[in-house]
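In: Build me a model from this:
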Amino acid sequence: MVFSRLFFIYIFLPVCLLCYALARGTKAKNLVLIVFSLIFYAWGEPVYIFLMLTTAAVNYGAGLVIGKYQGQRGDTAATVIAVTYDLLMLGVFKYSGFIVENINALFSSSIPIPDIRLPIGISFYTFQTISYIIDCHWEKVKPQKSFGKYLLFLTLFPQLVAGPIVRYSTIEKEINDRKIELSDISYGLNRVALGLGKKVLLANQLSIIADSFLGNIGSSTMFGAWYGAIAYGLQIYFDFSGYSDIAIGLGRIFGFHFDENFDHPFICRDITEFWQRWHISLSTFFRDYVLYIPIFGKRRKYGGLFLVWLCTGIWHGASWNFIIWGLYYGIFVFIEMLIGKKRMKKIPVVIRHIYSKLVIIIGFGIFYFEKLGKLGTFFKTAFGFGENGFLAVQDKISVINNMYLLTVAVICCFPVIKWVKQTADKHFVTKAAVSSAAAVAAALLLIVTSIMLVASTANPFLYFRF
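Out: Now for the predicted structure:
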């Protein structure tokens, strides 16, 4: 099931909220969320729901063993078995075809390539289970003794299929007991409307530009290649941050406080800062669980760095362009580490902005092209070695026709809402007035979004495939 569908907005969600409101006590409310979460997932993956339930059972059991044998061999054995199982399932369903393809290419063999459909959200819920197991092993959290509560943590539908990657420690207390105030519901609904607006009004429209220029890269000009990559970068940002907004908003309505996943990444001044603002739940996961893994028996600063970026690329997909994309960013983070924070700050801000945006735009180009041949064409075209020149008439027409969309998209990359609230505070505007204005804006946004959705067919979020 997709958030940006009228069925979800006007049928599934209202029915879920009604049942949730009628339920008495945290235990009953948890049961309502579990049932609706399983329905939500089974709607699109009726078969793979058993894989998710099996994963839940394995990791729940491993957590109990870790708790019983804390600091002993049983603790370590359960941790290794659970993490191995999680990674093995992710590897089989996400990377087996890619591995076999490369074996065939390398050894000129003809091993049948497995045609396995990728379960929705497996990358996200797998990392959630791994973080839970490791945190239990490190004694950062206590193992959950109730299977129902653990299942709620893993299957909670707002963040189930495309994140953010919610750690058990973040919502541990709220699983057991939570209070919902009117301000939570108001904030949550406003955040959901904002996320839908980002997805439907911006991301979906930007995708048309990106696909028309990058999808036919062989016919694009140099300007078209950069223009398409910029549009694609904006598309991914509004698509994924929009999903995160909806997830965080829905979580707040049900009494859960998820961590932020995006913090206006395009206002960054270097690549390190970009990744402190972009897909925060993933970057912090790798920082906390992969960066300090011993390599050849020792913790190695730069070796750990490149391991993180290799894993970041692999996580995004079973294709060489994602691996290249991960290592590409790793190289720039490495360079910035060598330069040092103090010396980076001495570089004029304008130059740092130009540098970071160029790196980011090229990065989105790498991310788009899964076929290396087309990726090569993109590089040739973007750097002036293509066959179609610098600028064409269709480029100008597209920019003129989409000027309003592009302007709004760029403005929305800045913390506009934060600035408006700060301005309101300076002019002594009451909180009630600000809340009323936000509610009206959210309602209008929802109406416009709904009208747009009536005429649309499919609106899958991009990160569903990861």
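
In: Tell me how many other residues surround Val349.
Out: A count of neighbours around Val349, defined by other CB atoms under 10 Å, yields 9. Yep, even glycine has a C-beta here, placed from its N, CA and C like the rest.

In: pLDDT score for it?
Out: pLDDT recorded at Val349 is 95.

In: can you tell me how far the closest residue to it other than its chain neighbours sits from Arg252?
Out: What sits nearest to Val349 in space, not counting adjacent residues and going by CB to CB, 6 or more residues apart in numbering, is Arg269, at 6.2 Å. To Arg252, Arg269 is 31 Å away according to CB to CB, to the nearest Å.

In: Of these two, which one has the most company?
Out: Arg252 (24 against 18).

In: which residues touch the more buried one?
Out: Arg252 is in contact with 184-185, 187-188, 191, 258, counting by CB atoms under 8 Å, 6 or more residues apart in numbering.

In: Can you tell me which of those residues has the largest number of neighbours?
Out: Phe258 (24 neighbours).

In: In the helix or strand hosting Tyr355, which of the residues would be classed as buried?
Out: Using DSSP states H and E, Tyr355 falls within helix 349-368. Neighbour-count burial for helix 349-368 flags 352, 356-357, 359-368 (criterion: 16 or more other CB atoms under 10 Å).

In: from what I can see Val58 touches Tyr85, true?
Out: Yes. Counting by CB atoms under 8 Å, Val58 does reach Tyr85; the two are 5.4 Å apart.

In: pLDDT on stretch 431-450, on average?
Out: 88.

In: can you check stretch 173-191 too?
Out: Stretch 173-191 comes out at a mean pLDDT of 92.

In: got the buried residues for that stretch?
Out: Residues of stretch 173-191 classed as buried: 174-175, 178, 180, 184-191 (neighbour count, 16+ other CB under 10 Å).

In: Next: stretch 139-149.
Out: Buried residues in stretch 139-149 (16+ other CB under 10 Å): 141, 143-144, 149.

In: Can you check the distance spanned by it, start to finish?
Out: One end of stretch 139-149 to the other measures 19 Å (CA to CA, to the nearest Å).

In: got the contact list for that stretch?
Out: With CB under 8 Å, 6+ apart as the criterion, stretch 139-149 contacts 30-31, 34, 56-57, 60, 63-64, 66-67, 70, 132, 135-136, 150, 153, 168-169, 172, 175-176.

In: Tell me where the stretch 101-250 of the chain has helices.
Out: In the stretch 101-250 of the chain, the helices defined using DSSP state H, counting those that start in this stretch lie at 122-137, 147-155, 168-176, 182-197, 204-214, 222-253.

In: Please export the C-alpha coordinates of the helix or strand just after the longest one as PDB.
Out: By that I understand helix 222-253. Sequence-wise, the next helix or strand downstream of helix 222-253 (DSSP H and E) is helix 271-277. Output of helix 271-277 as PDB, limited to C-alpha atoms (Å, rounded to 0.1, in the frame of the first residue of the first chain):
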ATOM      1  CA  ILE A 271      29.900  16.800   1.400                       C
ATOM      2  CA  THR A 272      30.400  15.800   5.000                       C
ATOM      3  CA  GLU A 273      27.700  18.200   6.100                       C
ATOM      4  CA  PHE A 274      25.500  16.900   3.300                       C
ATOM      5  CA  TRP A 275      25.500  13.400   4.700                       C
ATOM      6  CA  GLN A 276      24.800  14.800   8.200                       C
ATOM      7  CA  ARG A 277      21.600  16.200   6.700                       C
END
